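Colleague: Pasted the sequence and its predicted model underneath.
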Amino acid sequence: MSKILIVEDDESIALGCEHTLRAEGYEIFIANCVATAKDYLSRNSYDCLIIDLGLPDGNGFEVCKYAKEKSNPAIIFLTARDDENDIVFGLDMGGDDYITKPFGLKEFISRVNAVMRRKNNHPDKEKIITFGNLKIYSLKGKVYKNNQEIFLSAMEYRLLLTIATRKGDILKRDELLDSLWDIGGDFINDNTLTVYIKRLREKIEDDPQQPRLIETIRGIGYRGLKDE
């Protein structure tokens, strides 16, 4: 039975999450502050941590850092605001997903189950994906261009990872949209996808006007650079 530690100071949210996860067969533990979470982590290991960013004696990033020093659990952040900087920082620290409050319990359990499936399929093994002059460290959620780290938003990173793992394949726009929805649980439309592709190219391409890593297949979608 997988063990999950919920770090949340709002009792109603914590109990709602606990009830939902127990019904799915998880063993649940609850901490309502940074100090209690660290105490739990010092004495036990957990398969997943669900961490609220705003805690009475600190923030969720402290708990994530401490947990990663002890072992390598899956990490899901809860945030009261859709703050891109917080999200990117959390993913850079090794977070696997984030959920913006308020959230429905059906979405919540779907996201937790998805993270646990990915963890079980790829247990603690760092996979380095080489994509042109980029190196993508999938476990750490970091991307390097010519050995210099570049910072991507959560959706930019997910989009890059989707294309890089299917390099050489033509990905239809609808297929990309479905893939991003499945990974992130966030709704994006066709116009938003175009914007994300543009922003991503500005960060990873040597010449965004003549992209080499992400090729546009007009009227169809995109294709990632084939192995050279």
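Modeller: Happy to help now that I have it. Residues are numbered from 1 along each chain as shown.

Colleague: Provide the secondary structure category for Arg199.
Modeller: helix (DSSP: H, G, I helix; E, B strand; the rest coil).

Colleague: For Leu177, see how far away it is.
Modeller: For Arg199, the distance to Leu177 (CB to CB, to the nearest Å) stands at 16 Å. Bear in mind the C-beta positions are built from the backbone N, C-alpha and C, glycine included.

Colleague: got the contact list for Lys172?
Modeller: Ile220, Gly221 (CB atoms under 8 Å, 6 or more residues apart in numbering).

Colleague: what pairs with it across the strands?
Modeller: Going by DSSP bridges, Lys172 is paired in beta bridges with Gly221.

Colleague: and it, how far is that from Lys226?
Modeller: Taken as CB to CB, the span from Lys172 to Lys226 is 18 Å.

Colleague: Also Asp190?
Modeller: Counting by CB to CB - Asp190 and Lys226 are separated by 25 Å.

Colleague: Which stretches in the chain count as strands?
Modeller: In the chain, the strands defined using DSSP state E lie at 3-7, 27-31, 48-52, 54-55, 58-59, 74-79, 97-100, 128-131, 134-137, 142-145, 148-150, 170-172, 214-217, 221-224.

Colleague: want to throw those strands into CSV with distance to Met116 and mean pLDDT?
Modeller: As requested, the strands of the chain are exported to CSV (distance: least, CB to CB, whole Å; pLDDT from 0 to 100):
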stretch, distance to Met116, mean pLDDT
strand 3-7, 9, 96
strand 27-31, 12, 96
strand 48-52, 6, 95
strand 54-55, 23, 91
strand 58-59, 24, 90
strand 74-79, 7, 90
strand 97-100, 11, 87
strand 128-131, 22, 87
strand 134-137, 21, 89
strand 142-145, 22, 90
strand 148-150, 28, 90
strand 170-172, 26, 90
strand 214-217, 30, 93
strand 221-224, 28, 91
